[in-house]
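[1] here's a sequence, model it:
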Amino acid sequence: MQFKDLFQKKRKYATVPSADRPAPNRVVDDGTIDVPEERPRREIPEGLMNKCPKCGKIQSTKELDKNLKVCISCSYHFKLNAVERIQMLVDEGNFIEYDSDLASENPLNFPQYTEKYTKAVEATGMRDAVITGEGSIGGFTCVVAVMSADFMLATLGSVVGEKITRAVEAATEKKLPLLIFSTSGGARMQESILSLMQMAKTSAAIAKFNEQGGLYISVITDPTYGGVTASYAMLGDFVIAEPAAAFGFAGPRVIEQTIRQKLPENFQTAELNQKYGQVDLVVPRKELRTMLSQIISMHGVKEGKTVGR
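    Sure, this is the predicted structure:
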């Protein structure tokens, strides 16, 4: 267990290309048309602006960050990585990371797995697709696990499963609430059966935690599929989802190809899953921190317990 400062502002941006329109053609004295050369493209500095993938509105990164990366026009929830989500939810300066030294290997010698894994480590600064640790949310100390889709689509491998299991065991031992924020593309195929067994391992740890009367809140973010949905993501005492978060076991394209039918536009969204009882609450990002604090408080957890004890 070690302390890790996740509260330094580490901004990542998308680039929005832009160019001035060329000057209009003009008629010169001899009656011919003078066609000016196209003006050079004006490059907007990287990360200055962002375009909403849903409504197309272009907004400044500063404005988007201030709104917790939720589109001010259509309320589309931009994806967050694990560090951004921890910065957003956990009380500032109050987080101790667990098992930061755990790293994946290539136990089956799967072709190119080592290269892909190394690229993910270099791109994200993480050792694998989840950060686990202990921190306080609204003054309530919790064990927190946050998955990060920018690391190999947050696929469930042996290290992810091990870190989740250890986090659940820590919450059991310390009698702390457990919060897991899920996002995933499914099992990590490069690890085969070693990946699939993480479903049973994490579920067994949560079963023991439940037997001890622990409070487990599962928060589903976009997208969450495969083995994560089929295990710990759906085992919470409360299952909360962000608006329009897509989740299920198989993705809609696979299902359409299997049943040879067109699926509804809102298929597998948080709202539709709530309608059919798969989700307890759909909570906008700006209200999530308050909602989590309220749920923890209702279950008799004392506020202000010292982190790490």
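
[2] convert the C-alpha atoms of the longest helix seen in the chain to PDB, please.
    For the chain, the longest helix by residue count, based on DSSP state H, is helix 192-211. Extracted in PDB, the C-alpha atoms of helix 192-211 (Å, rounded to 0.1, in the frame of the first residue of the first chain):
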ATOM      1  CA  SER A 192      -7.700 -16.800 -21.800                       C
ATOM      2  CA  ILE A 193      -8.800 -18.900 -18.800                       C
ATOM      3  CA  LEU A 194      -6.700 -16.800 -16.400                       C
ATOM      4  CA  SER A 195      -8.900 -13.900 -17.400                       C
ATOM      5  CA  LEU A 196     -12.200 -15.800 -17.100                       C
ATOM      6  CA  MET A 197     -11.400 -17.100 -13.600                       C
ATOM      7  CA  GLN A 198     -11.300 -13.500 -12.300                       C
ATOM      8  CA  MET A 199     -15.100 -13.500 -12.600                       C
ATOM      9  CA  ALA A 200     -15.400 -16.200 -10.000                       C
ATOM     10  CA  LYS A 201     -12.600 -14.900  -7.800                       C
ATOM     11  CA  THR A 202     -14.000 -11.400  -7.500                       C
ATOM     12  CA  SER A 203     -17.600 -12.700  -7.100                       C
ATOM     13  CA  ALA A 204     -16.500 -15.000  -4.300                       C
ATOM     14  CA  ALA A 205     -14.700 -12.100  -2.500                       C
ATOM     15  CA  ILE A 206     -17.900 -10.000  -2.700                       C
ATOM     16  CA  ALA A 207     -20.000 -12.800  -1.400                       C
ATOM     17  CA  LYS A 208     -17.800 -12.900   1.800                       C
ATOM     18  CA  PHE A 209     -18.000  -9.200   2.000                       C
ATOM     19  CA  ASN A 210     -21.800  -9.400   1.800                       C
ATOM     20  CA  GLU A 211     -21.900 -12.100   4.500                       C
END
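
[3] which SSE is immediately downstream of that helix?
    strand 216-224 (DSSP states H and E).

[4] contacts for that following strand?
    Under the contact criterion Cβ atoms under 8 Å, 6 or more residues apart in numbering, strand 216-224 has outside partners 77, 79-80, 85, 149, 171, 177-185, 206, 209-210, 232-242, 244-247, 270, 279, 288, 292, 295-296. Using the backbone N, CA and C atoms, a C-beta is placed for each residue, glycine as well.
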